[in-house]
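Novice: What follows is a predicted protein model with its sequence.
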Amino acid sequence: MKPQEEFQAEVTRNIEGLKRDSDLQAMSRMWVREIAPHKYSYNFTWMGRPIIQFPQDMVAMQEILFALQPDLVIETGVAHGGSIVYYASILELIGHGEVLGIDIDIRPHNREALEAHPMRKRFQLLQGSSVAPEIVAHVRKIACGKRVVVVLDSNHTHEHVLAELRAYAPLVCKDGYCVVMDTIVDDLPGSLFPDRPWGPGDNPKTAVREFLRENGDFVVDKDIEAKLLITVAPEGYLRRVR
């Protein structure tokens, strides 16, 4: 066996061990629950823009993008634009691809900063509801014939995320990913979301489960979740298998 094959075999064994370690999984869920009130994900930036993601998930996204080398990354939810800049910078390193960021409200100060960003050549912004028929039609036109990865991270209600999944997951290439962020909401206390329309029982994870019941083209990539342990997207890494 070649050295690289030996290394990959070791990683595979590591991941299988993590899947079986229920105590470590429980500790990881507890850590995420306890860190949530401290807004841990707000502590990080990428190339000057707040990213509002766990670093662990961003490493997983880098692995996905490098492996697939997509033509287009579609992300719903722009906020400060850190994750869009992150994906754009990975594509810049690869030397191929662009990012499309969609948000119902791209605030002027964020748009100004993003328009002036060095990675601007690798992304474009689209303002509007990600589930509006005209936006969906426009995105489908942009995505036509391209290898696509999708990241859903906007309104976290069950209804909205399910509509996004139905609209954008079919654009994903075979062996590609539709990543649904913040499925962790279903595992956290409802008291953490007092001013939000989502919470336990109504969130991205419940939408994912309903989507998977009606669509056999995707499965949850349990290896990613197992090796990360710390993630905002448990059951959210959906790989297209056909």
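Specialist: That came through fine.
Novice: I'd assumed V179 was in contact with L152.
Specialist: Yes - between L152 and V179 a contact is recorded at 7.1 Å, counting by CB atoms under 8 Å. Using the backbone N, CA and C atoms, a C-beta is placed for each residue, glycine as well.
Novice: Looking only at neighbour counts, state which of those two leads.
Specialist: L152 (31 against 24; other CB atoms under 10 Å).
Novice: What residues does D71 make contact with?
Specialist: H96, G97, E98, K146, R147, V148 (CB atoms under 8 Å, 6 or more residues apart in numbering).
Novice: can you give me the strands in this structure?
Specialist: 45-46, 49-50, 72-76, 98-103, 123-127, 148-152, 177-180, 218-220, 237-240 (DSSP state E).
Novice: Check the gap between L228 and H158 for me.
Specialist: The gap separating L228 from H158 is 24 Å, by CB to CB, to the nearest Å.
Novice: do P133 as well
Specialist: From P133 to H158 the distance is 20 Å (CB to CB).
Novice: Could you pick out the longest helix of this structure?
Specialist: helix 3-20 (DSSP state H).
Novice: From the contact counts, what lies against that one?
Specialist: helix 222-228 (3 or more CB pairs under 8 Å, 6 or more residues apart in numbering; DSSP states H and E).
Novice: Counting by contacts, list what the helix it packs on packs against.
Specialist: helix 3-20, helix 55-68.
Novice: of all those, which lies closest to G48?
Specialist: Proximity to G48, assessed across the helices and strands packed on helix 222-228 by CB to CB, is greatest for helix 55-68 (15.3 Å).
Novice: Could you report the pLDDT at the closest residue in space to R49 that isn't next to it in sequence?
Specialist: Spatial nearest neighbour of R49, excluding adjacent residues (CB to CB, 6 or more residues apart in numbering): G82 at 3.9 Å. G82 is assigned 98 on the pLDDT scale.
Novice: Tell me which residues touch G82, please.
Specialist: F44, T45, W46, R49, P50, I51, I52, Q53.
Novice: from memory the last one sits against Y40, does it?
Specialist: Which is Q53. No - in this structure Q53 lies outside contact range of Y40 using CB under 8 Å: 10.2 Å.
Novice: Compare those two (neighbour count), which wins?
Specialist: Q53 (24 against 16).
Novice: List the residues that contact the more buried one.
Specialist: Q53 is in contact with S41, F44, G82, S83, M181, V232, counting by CB under 8 Å, 6+ apart.
Novice: separation between it and V151?
Specialist: 10 Å.
Novice: overlap in contacts of these two?
Specialist: S83, M181.
Novice: related to what we said a few turns ago, can I get the CA coordinates of the longest helix of the chain in CSV?
Specialist: Extracted in CSV, the C-alpha atoms of helix 3-20 (Å, rounded to 0.1, in the frame of the first residue of the first chain):
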residue,chain,number,x,y,z
PRO,A,3,2.0,6.0,1.9
GLN,A,4,-1.0,8.2,0.9
GLU,A,5,-3.2,5.1,0.8
GLU,A,6,-2.0,4.1,4.2
PHE,A,7,-2.6,7.5,5.6
GLN,A,8,-6.2,7.6,4.2
ALA,A,9,-6.8,4.1,5.6
GLU,A,10,-5.8,5.4,9.0
VAL,A,11,-8.1,8.4,8.7
THR,A,12,-11.0,6.0,7.8
ARG,A,13,-10.3,3.9,10.9
ASN,A,14,-10.2,7.1,13.0
ILE,A,15,-13.6,8.2,11.7
GLU,A,16,-15.1,4.7,12.3
GLY,A,17,-13.8,4.9,15.8
LEU,A,18,-15.3,8.3,16.4
LYS,A,19,-18.7,7.0,15.1
ARG,A,20,-18.6,4.3,17.8
